[in-house]
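Undergrad: A structural model of the following input is requested.
(chains A and B)
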Amino acid sequence: MPDPPARDEDLVRRYLSGDRAAFAALVERHERRVYNLALRMTGREEDARDATQDAFLTVLRKLSSFRGEAAFTTWLHRVTVNACYDLLRKRQRAPLLERGEDDLPALEPPPAPDHADASSLSMDVQRALMQVPEDFRAVMILHDVHDLRQEEVAAIVGVPIGTVKSRLHRGRIALARAMGIEQQGRFSEDPEGPPAPGGSPGGAPGASRSGERADAAGPSEGTVSP
Amino acid sequence: MSHPEDLLADYVGGTLDERERAAVDAHLPGCARCSAEVRQAEAARAALSELEDVPVPFGVTGPVLAEAGRRFERRRGVAWGRFQWAAGLAAAAAFVLVVALNVGGEDAQNAAAPERTTAVAGGTGAAGAEAATPGVIPFAGLERQTDVNYDEAGIRAVASEAAGAVVAAEDAPGTQAAFASTVQDSKERTSLARECVDQSGVRGPDDVLIRLIEAQFEGTPAFIGVYSEGPGAGQTPDHIVVFVIAKDDCSILSTASQRIPSG
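TA: Sure, this is the predicted structure:
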């Protein structure tokens, strides 16, 4: 019977004690996951390549201080999400320097994903995903696309689990709205009737509500307007 | 019942327990807002689950593996440097001797500077005892050079300078090396920096710290630890190793090594 594959933490130890191939094994094992997370976060192949490289270079640089307190994959996801945040911030800044003031739109249109082999459905979803604020997008991608447990997502993003649940729910609603999914109730005998356009209190998911947690207010603050 | 917002994510995900699920099921028909949210969240979740992984394009991780190789070679370079000492390279010895003579001359000039004596006293208590041993340079404390940006050549120069200083200390036990004149930091900060260097795992068990610099390395804030390595207790050190450690995470940025010429 073949040996079970080495644990990530064992590969880290082997690399630090002089086994050069162990780092290559770590990269090979995780590059697909890292790249796809970056692609969903940034929406562009070019940015996903950069974020993937940045993430693995950070891992390489910090490997000697990795003590295994968190699982390697948790740490790798965290590093990747942070690399994406950094890239997105750079990308937001860069065009402003190149453009004149006249043609500055009030709200940036989301960049179209440019990976050629994706279906049109996933391109639509990706385009809508780019309209969801980063913090909510990250939680949704980690949980709903990469199938990580809420506890893992909380550890990666560094927020309490209640915040993960809240971001997940608000993020999904923001995504549905960006995809143009109407907000009528599924029960036809609904006594309150359909919510008024623009969002009366308690109506539209995108309207701000006084009871909402501060950290969950992102998608409601006009970032994803109807 | 008020809106069960905190349950809706798990309701859509299908992970609520029976009692909670029943509570949401009872709430939804009478609440347009929550039923609309659930419907939207379900649609979004279904769309996300349709997203498929794409293969990683060719060449994405190549530069990472190349950098890993460079770092690996640098670390191995330290070990190779130790081997070179054993083999005894005459050319290196001749070069270092020139440096040693220069640094030795500066030492003699600086030996009388009063502020340096103060710095030594504030550094390590054992400095006086160590200074009496030929070839041992007492560690004086953290040198602040935060506006100085070192590169690889600069690090090699630090190694050569230290090798020269050790030779000078062999000739004149008890004198302080010239570079200690920049020491100006507190004991607390010095021990923080030492911890960072120790934490990086680069230091060998017999390495003796002779110099610690807070500066930049190729633009990254860094600690530069300069160690002498001896063949054994009580004998003159024969090798200098320099480790450059990133300040933010105590990881290794670079290394250099230099043989100390004997007698």
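Undergrad: any idea how far A:Asp86 is from A:Arg20?
TA: 28 Å (CB to CB, to the nearest Å). C-betas here are computed from N, CA, C, even on glycine.
Undergrad: likewise A:Arg29?
TA: For A:Arg29, the distance to A:Asp86 - CB to CB - is 24 Å.
Undergrad: next: B:Phe58.
TA: In terms of CB to CB, B:Phe58 sits 24 Å off from A:Asp86.
Undergrad: which of these two has more residues huddled nearby?
TA: A:Asp86 (15 against 7; other CB atoms under 10 Å in any protein chain shown).
Undergrad: and the helix or strand containing the more buried one with chain B, contact?
TA: A:Asp86 belongs to helix A:72-98 when assigned by DSSP states H and E. No - Helix A:72-98 stays clear of chain B (CB under 8 Å from any CB of the partner chain), getting no nearer than 11.5 Å.
Undergrad: in whatever helix or strand comes next after that helix, which residues are buried?
TA: Where DSSP H and E defines the elements, the next helix or strand beyond helix A:72-98 is helix A:120-129. Within helix A:120-129, the residues scored as buried using 16 or more other CB atoms under 10 Å in any protein chain shown are A:Ser122, A:Asp124, A:Val125, A:Gln126, A:Arg127, A:Ala128, A:Leu129.
Undergrad: what's the answer for stretch A:46-60, then?
TA: A:47-60.
Undergrad: the residues you listed also near chain B: which ones?
TA: Okay, of the buried residues of stretch A:46-60 touching chain B (CB under 8 Å from any CB), that's A:Arg49, A:Thr52, A:Gln53, A:Phe56, A:Leu57, A:Leu60.
Undergrad: would you turn those residues into JSON lines with pLDDT and secondary structure?
TA: Listed next are those as JSON lines, based on pLDDT from 0 to 100; DSSP: H, G, I helix; E, B strand; the rest coil:
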{"residue": "A:Arg49", "pLDDT": "93", "secondary structure": "helix"}
{"residue": "A:Thr52", "pLDDT": "96", "secondary structure": "helix"}
{"residue": "A:Gln53", "pLDDT": "93", "secondary structure": "helix"}
{"residue": "A:Phe56", "pLDDT": "95", "secondary structure": "helix"}
{"residue": "A:Leu57", "pLDDT": "92", "secondary structure": "helix"}
{"residue": "A:Leu60", "pLDDT": "90", "secondary structure": "helix"}
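Undergrad: closest one of those residues to chain B?
TA: A:Phe56 (4.2 Å; CB to the nearest CB).
Undergrad: show me where pLDDT drops low in chain A?
TA: Residue ranges of chain A with pLDDT under 70: A:1-2, A:94-121, A:183-226.
Undergrad: can you do 50?
TA: A:96-118, A:185-226 (pLDDT under 50).
Undergrad: quick check: closest non-adjacent residue to B:Val24.
TA: Nearest residue to B:Val24, sequence neighbours excluded (CB to CB, 6 or more residues apart in numbering or on different chains): B:Tyr11, at 4.9 Å.
Undergrad: and that neighbour, what element?
TA: Applying DSSP H and E as the criterion places B:Tyr11 in helix B:5-13.
Undergrad: buried ones in that helix, by neighbour count?
TA: Buried residues in helix B:5-13, counted by 16+ other CB under 10 Å: B:Glu5, B:Leu7, B:Leu8, B:Ala9, B:Asp10, B:Tyr11, B:Val12, B:Gly13.
Undergrad: for whichever helix or strand comes after it, packing partners?
TA: Downstream of helix B:5-13, the next assigned helix or strand under DSSP H and E is helix B:18-27. Here helix B:18-27 touches helix B:5-13, going by 3 or more CB pairs under 8 Å, 6 or more residues apart in numbering or on different chains; DSSP states H and E.
Undergrad: and the angle for the helix it packs on with helix B:18-27?
TA: 100 degrees (axes from the mean of the first three to the mean of the last three CA atoms, to 10 degrees).
Undergrad: tell me the SS of B:Asp249?
TA: B:Asp249 falls in the coil class when you classify it by DSSP: H, G, I helix; E, B strand; the rest coil.
Undergrad: state the pLDDT value of it.
TA: According to the prediction, B:Asp249 has pLDDT 77.
Undergrad: distance of it from A:Arg67?
TA: 12 Å.
Undergrad: who has more neighbours out of those two?
TA: Per other CB under 10 Å, whichever of B:Asp249 and A:Arg67 has more neighbours is B:Asp249, with 16 against 10.
Undergrad: which secondary structure elements does the helix or strand B:Cys34 falls within sit against?
TA: Using DSSP H and E, B:Cys34 sits in helix B:32-50. Secondary-structure packing of helix B:32-50 (3+ CB pairs under 8 Å, 6+ apart): helix A:120-129, helix A:161-178, helix B:5-13.
Undergrad: could you give the mean pLDDT of it?
TA: Averaging pLDDT residue by residue across helix B:32-50 gives 93.
Undergrad: any idea how far A:Arg13 is from B:Gln199?
TA: Applying CB to CB to A:Arg13 and B:Gln199 gives a distance of 16 Å.
Undergrad: actually A:Pro5, not the one I wrote
TA: 30 Å.
Undergrad: flag the shaky bits of chain B, pLDDT-wise.
TA: Ranges of chain B meeting pLDDT under 50: B:89-94, B:98, B:104-132.
Undergrad: so it: which segments form each domain?
TA: Under automatic domain parsing, the residue ranges defining each domain of chain B are B:5-50, B:62-259.
Undergrad: just confirm B:Gln145 is within a strand.
TA: Yes - under three-state DSSP, B:Gln145 sits within a strand.
Undergrad: okay, now it: neighbour count?
TA: 15.
Undergrad: next: A:Pro133.
TA: 18.
Undergrad: I'd say it and A:Ala174 touch.
TA: Yes - the pair A:Pro133 / A:Ala174 is scored as a contact, 7.4 Å apart, by CB atoms under 8 Å.
Undergrad: am I right that B:Ala256 sits in a strand?
TA: Yes - under three-state DSSP, B:Ala256 sits within a strand.
Undergrad: residues in contact with it?
TA: Shown in contact with B:Ala256 (CB atoms under 8 Å, 6 or more residues apart in numbering or on different chains): B:Gly81, B:Glu152, B:Ile155, B:Arg156, B:Val158, B:Ala159, B:Val241, B:Val242.
Undergrad: and what of A:Leu175?
TA: Counting by CB under 8 Å, 6+ apart, the residues that A:Leu175 touches are A:Val125, A:Ala128, A:Leu129, A:Gln131, A:Val132, A:Met140, B:Ala44, B:Ala47, B:Leu48.
Undergrad: quickly list the domain ranges of chain A.
TA: Using automatic domain parsing, chain A is parsed into the domains A:7-95, A:118-182.
Undergrad: for B:Ala36, find the nearest of the helices and strands packed on helix B:32-50.
TA: helix A:161-178 (8.8 Å; CB to CB).
Undergrad: between helix B:5-13 and the closest one, find me the angle.
TA: Relative orientation of helix A:161-178 and helix B:5-13, computed by the same axes, to 10 degrees: 70 degrees.
Undergrad: Three-state assignment for B:Val148, please.
TA: With three-state DSSP as the basis, the three-state label of B:Val148 is strand.
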